[in-house]
Each structure stands twice: as C-alpha cells, then as structure tokens.
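Trainee: Build the 3D model from these lines:
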Amino acid sequence: MEKPANWSELSWEQKREIRFQAWRDAEGVNFINNEAEELYKTRVERFIKAIKLEEPDRVPVMLPVHAYPAQYGGSNFHGMMYDYEKMRECWIKFMDDFGDMDTFSGPGLIPSGIISEAMCSKTTLLPGIGLSEDSPTNQFVEGEYMSPDEYDLLELDESDFNIRTMMPRTTGLFESFRKLPPLRMLQGAAWVAALADSDIRKTFQTLMDLSDEYMRWTTANQSIRELVLSRGYPPLMGAGLMAGAPFDFLADMLRGTRGISQDMFRRPQRIHDFMERRLKMNQAAIKDFPITISPIAMMPLHKGDDMFMSDKQFDEFYWPTLKATFLAMIEEGIVPMPFAEGRYTLRLKQINNTPPSGVVWYFDQTDMKLAKQTLKDICCIAGNVPSSMIMTGTPGEVKATCRKLIETCAQGGGYILAAGASVEKGDINNLRAMMDSAKEYGTYK
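Mentor: Modelled structure (predicted):
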C-alpha cells in the first residue's frame with residue numbers, strides 16, 4: 001500500500017488509522033476460506049481497540065511461543081536452523097493442534113545454521129554453534145568491543161568504523177576487512193586493488209557462495225509466514241520492524257555493561273553525542289518507512305530497567321532519545337511497543353508523558369497494578385505472566401495468574417495479556433490456559 005499524496009499534511013492519528021486499515025485489509029493475503037478471513041479481521045480489531053485504549057470484545061493475547069513449535073513438533077531450535085521443511089511441518093502441527101490464537105508469526109528469528117557457521121560470530125552463540133545442540137535458544141555475548149579511546153574514530157565515520165573495526169573484531173568471516181583502506185578512499189579501481197588481497201577476496205567469495213542459502217532460508221520463512229497469515233493469524237510486527245533505545249545500541253553492541261557504566265561518569269558527553277547521531281539516523285529511517293501489514297514496532301529495552309541506572313541517570317541518558325524515537329514513530333503512524341525487559345516499576349513515573357494511546361508498553365517484571373494506575377489514560381500495557389510458570393507450572397496456576405492480571409489491568413480497555421518473556425518448551429496446556437483465561441475472564445460487557 002502506497003502512502004497517500006497528502007501524507008505530510010495528515011495528523012499522526014490519521015496516519016496511524018491508514019496503517020491500521022492496511023493491517024485490517026491484509027492486502028495480498030490468500031486466506032484459506034472466508035472463516036479465516038473473518039477471524040483475522042476480528043483478531044486485528046481486538047488489538048487495535050486495545051492499543052487505542054478502547055474496550056474490544058475481549059482482552060487480546062500474545063502467546064509467548066517464539067520457537068516453541070520446534071520443540072512441540074519433535075525438533076528443536078538447532079534442527080530448525082538446518083531443516084527448513086521440518087520447520088514448516090512443526091509450525092503447521094502447532095497451528096493444527098492449538099487452533100485459536102490472537103496473533104502468531106513465522107520462525108523469522110531462527111537463523112540459517114549454514115550461514116551462522118560461516119559468520120563465526122563472537123557476539124551470538126547458537127545451539128550447536130557455541131552452545132550445546134539441545135539449547136533452547138540463542139545467547140548474546142556482551143563485551144567491551146569498542147575501547148573508550150575509539151570514540152573519536154566512531155564519531156569521525158561510523159560506517160567506516162563499523163566495517164573496518166567492529167565487524168572484523170566481532171565476526172570471524174570479516175577479519176579480512178581490517179585490511180581495507182578507509183571507505184572514503186574506496187572509489188572506482190580502488191575496489192579492484194582491495195580485492196587483489198586474497199583474504200579479502202575469499203571473504204567476498206564466501207558471501208557470494210552463501211547467497212543461495214540465504215535465498216533458500218528467506219523463501220522458507222516467507223512461505224511459512226504466508227501460511228500463517230492464510231489461516232487468519234495476524235502478525236504483530238510489520239515486516240519485521242524492530243528498533244531500540246540509542247543508549248542500548250552503544251551499551252549492548254559497543255561498550256558493554258562495564259564500559260558504559262564508566263562512561264556515564266567519565267565521558268557523559270561522548271554518550272550524548274553518540275545518541276544524538278543515532279537518533280537522527282533513526283528519525284531518517286522512520287520517516288521513510290513504508291506502510292506494512294502491521295504498524296507495530298517491537299523495541300527490546302535492556303539497560304533502562306530499575307536495577308541498572310538511577311532515576312536521574314534514566315532522565316539524563318536513557319529517556320530523552322528513547323522518547324524522541326517514540327515521537328518520531330508516532331508522528332509517522334507507527335506504534336512503538338517497547339519491551340521493558342527486567343523491572344520498570346520505578347520508571348512508571350518517568351515514562352508517562354507520551355501522546356495518549358501512542359505507545360504500547362510491554363512489561364516483563366513490572367508491578368502491573370501500579371502500571372495500570374499510572375498509565376491507564378496514556379498507553380496500552382501488556383504483560384507479565386511469568387515465563388517460568390508457563391514452562392514449569394500447571395494450567396491451573398497459569399490460569400489463576402492470568403485471571404488476576406486481567407482483573408487488575410483490563411478494566412476500561414488498554415490491556416494485552418502476555419508473558420514476561422518467550423518460552424521454547426513446556427506443556428502446551430499452559431499456553432491453552434492463557435487463551436482460555438482471556439475468553440473466560442477477559443470479556444467486556
């Protein structure tokens with residue numbers, strides 16, 4: 001769907017309604033039957049009303065399935081990385097056996113094993129690649145990958161720093177890129193000269209050789225995504241739209257926990273300068289973002305929780321550029337869904353100044369009663385059934401917890417039942433208990 005010619009003249013609410021309508025219409029989706037299409041529209045409308053702080057027919061549910069269909073279908077995360085046909089079978093089996101879900105998606109977060117092996121990443125461990133094959137999911141490896149004296153290089157040319165310094169440092173396949181000349185010098189025949197180096201040439205040849213595998217992985221994922229849609233399960237994220245806090249990019253990918261903690265005291269202006277540059281990049285990308293099948297942008301947040309920084313540090317380092325990112329998205333009709341990993345109970349008093357209904361806060365371990373009291377007229381909230389309970393508890397325990405959350409958070413609308421984090425294994429009846437509780441206790445009169 002193309003943006004209308006008068007897009008720049010529309011209010012953010014009007015832009016969002018156009019994106020919502022694209023979500024409802026699901027242009028190009030070939031539903032398996034009329035019932036699937038009607039269910040799709042009902043499910044989408046359920047989320048839209050919750051986002052807009054209205055009362056839908058009942059509380060919508062985000063099941064924490066992630067790679068759960070792999071285990072349920074007799075495989076695991078590692079197996080899905082290599083056997084795409086088995087991956088499809090697992091997703092079909094889960095849909096066949098589970099039935100009604102408000103939202104569901106394909107296995108886009110499960111990478112290709114062949115490509116991952118070739119990459120030799122030092123920042124991500126995967127089942128069978130750094131972790132045991134039966135590990136349920138991947139693991140990020142944080143580190144101080146950028147030293148404090150490299151801020152100057154980063155500021156001088158971030159793309160050059162990323163390609164010639166960070167990529168060789170964090171990904172084995174790109175070690176040869178250390179030999180590249182500065183990117184500003186790579187014009188015309190300079191590329192030929194660079195490729196005369198056997199190590200650099202080998203890296204590019206490997207990348208070209210992997211392109212067929214990438215297309216095979218992409219095609220398999222797209223096929224499953226289309227199958228999921230055809231059965232009437234709407235996606236929550238549009239075309240994989242994800243973003244994050246500018247502070248987190250610096251802390252997670254470059255400086256690490258120790259480094260960023262020191263920098264807040266020793267180099268605060270360096271942090272602010274980086275975040276402002278990152279914010280401008282985010283704003284430019286958001287401005288050009290097309291209308292996709294869903295307007296929601298998932299935003300995992302890491303370092304802003306109660307345990308990592310003080311209220312003062314949150315106000316100084318974290319919130320200003322994160323809020324500005326929210327506002328840029330809202331202005332374009334996109335719905336930011338920050339996933340507040342950890343505990344944000346202390347943060348509630350600091351995140352309550354965004355446009356009404358503009359943001360969906362997805363909470364992990366936050367006090368949900370206080371969240372509802374603080375944010376009820378400001379934004380939709382989601383969360384926070386303990387994932388440990390879903391994996392190891394009983395259906396009765398799950399249902400009781402869901403009921404309490406619904407009774408606490410659902411009144412007046414603006415609540416989505418969800419878990420604090422995804423699960424990759426456990427009793428499917430615990431997932432069914434989540435759906436059943438929304439139908440039994442989450443209906444609006």
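
Trainee: from here on, contacts and neighbour counts on C-alpha atoms
Mentor: Will do.

Trainee: count of neighbours near the residue nearest to Val385 when sequence neighbours are not counted?
Mentor: Leaving aside its chain neighbours, Val385 sits nearest to Ala419 (4.2 Å; criterion: C-alpha to C-alpha, 6 or more residues apart in numbering). The tally of other residues near Ala419 (other C-alpha atoms under 10 Å) stands at 28.

Trainee: for Leu126, same thing?
Mentor: Leu126 has 24 nearby residues by other C-alpha under 10 Å.

Trainee: cool, the one 5 residues further on as well?
Mentor: Applying other C-alpha under 10 Å, we find 16 other residues in the vicinity of Leu131.

Trainee: circling back to that earlier point, I'd say the residue nearest to Val385 and His66 touch.
Mentor: No: here Ala419 does not reach His66: they are 11.5 Å apart, not a contact under C-alpha atoms under 8 Å.

Trainee: What's the separation between the residue nearest to Val385 and Ala285?
Mentor: 30 Å (C-alpha to C-alpha, to the nearest Å).

Trainee: how's the protein carved up into domains?
Mentor: 1-63+101-105+234-445, 75-97+109-232 (automatic domain parsing).

Trainee: In CSV, list those along with mean pLDDT.
Mentor: Shown next, in CSV, are the domains of the chain (pLDDT from 0 to 100):
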stretch, mean pLDDT
domain 1-63+101-105+234-445, 95
domain 75-97+109-232, 96
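
Trainee: Which element, helix or strand, includes Asp248?
Mentor: According to DSSP states H and E, Asp248 maps onto helix 246-248.

Trainee: Show me what that helix is in contact with.
Mentor: 271, 275, 278-279, 301-303, 317-318, 321-322 (C-alpha atoms under 8 Å, 6 or more residues apart in numbering).

Trainee: again, 7 Å this time
Mentor: 275, 278-279, 302-303, 318, 321-322 (C-alpha atoms under 7 Å, 6 or more residues apart in numbering).

Trainee: same question, stretch 220-228
Mentor: Under C-alpha under 7 Å, 6+ apart, the answer for stretch 220-228 is 84, 88, 105-108.

Trainee: Filter these down to just the ones in strands.
Mentor: In this view, those have no member that belongs to strands under DSSP state E.

Trainee: ok, now how distant is the spatially closest residue to Gly259 that is not a sequence neighbour from Glu133?
Mentor: Nearest non-adjacent residue to Gly259, counting by C-alpha to C-alpha, 6+ apart: Glu144, 6.3 Å away. Note on Glu144: its distance to Glu133, by C-alpha to C-alpha, is 27 Å.

Trainee: With neighbour count, distance to Val335 and secondary structure added, can I get the contacts of helix 246-248 in TSV?
Mentor: What follows is these, written out as TSV (neighbours: other C-alpha atoms under 10 Å; distance: C-alpha to C-alpha, whole Å; DSSP: H, G, I helix; E, B strand; the rest coil):
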residue	neighbour count	distance to Val335	secondary structure
Met275	23	21	helix
Arg278	19	20	helix
Leu279	20	17	helix
His302	18	19	coil
Lys303	22	21	coil
Tyr318	21	20	helix
Thr321	21	17	helix
Leu322	20	14	helix
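
Trainee: and which of these is nearest Asp160?
Mentor: Arg278 (15.2 Å; C-alpha to C-alpha).

Trainee: show me what contacts the closest one?
Mentor: Pro246.

Trainee: Return the set of buried residues in the helix or strand where Gly79 lies.
Mentor: Using DSSP H and E, the element containing Gly79 is helix 77-80. Residues of helix 77-80 classed as buried: 77-80 (neighbour count, 16 or more other C-alpha atoms under 10 Å).

Trainee: Only C-alpha atoms, please: export that helix in CSV.
Mentor: Taking C-alpha atoms only, helix 77-80 is exported to CSV below (Å, rounded to 0.1, in the frame of the first residue of the first chain):
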residue,chain,number,x,y,z
PHE,A,77,16.0,-24.7,17.6
HIS,A,78,19.1,-26.3,16.2
GLY,A,79,17.1,-28.6,14.0
MET,A,80,15.1,-25.7,12.6
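
Trainee: Other residues contacting that helix?
Mentor: So helix 77-80 is in contact with 67, 70, 86-87, 127-128, 133, 136-137, going by C-alpha under 7 Å, 6+ apart.

Trainee: what do you get if the cut-off is 8 Å, keeping everything else the same?
Mentor: Here helix 77-80 has contacts from 67, 70-71, 86-87, 110, 113, 126-128, 133-137, using C-alpha under 8 Å, 6+ apart.

Trainee: buried set for the helix ranked longest in the chain?
Mentor: Identified as the longest helix of the chain according to DSSP state H is helix 198-230. For helix 198-230, burial by neighbour count (16+ other C-alpha under 10 Å) applies to 199-200, 203, 207, 214, 217, 220-221, 224-230.

Trainee: Any idea how far that helix is from the middle of the chain?
Mentor: 21 Å (C-alpha atoms, centre = their mean, to the nearest Å).

Trainee: Stretch 302-311 now?
Mentor: 19 Å.

Trainee: Dump the C-alpha coordinates for it into CSV.
Mentor: Output of stretch 302-311 as CSV, limited to C-alpha atoms (Å, rounded to 0.1, in the frame of the first residue of the first chain):
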residue,chain,number,x,y,z
HIS,A,302,17.9,-3.6,28.1
LYS,A,303,19.7,-1.0,30.2
GLY,A,304,16.9,1.2,31.3
ASP,A,305,15.4,-1.0,34.0
ASP,A,306,15.2,-0.2,37.7
MET,A,307,18.3,-2.2,38.6
PHE,A,308,20.8,-0.7,36.2
MET,A,309,20.6,3.0,36.5
SER,A,310,19.1,5.6,38.9
ASP,A,311,16.1,7.8,38.2
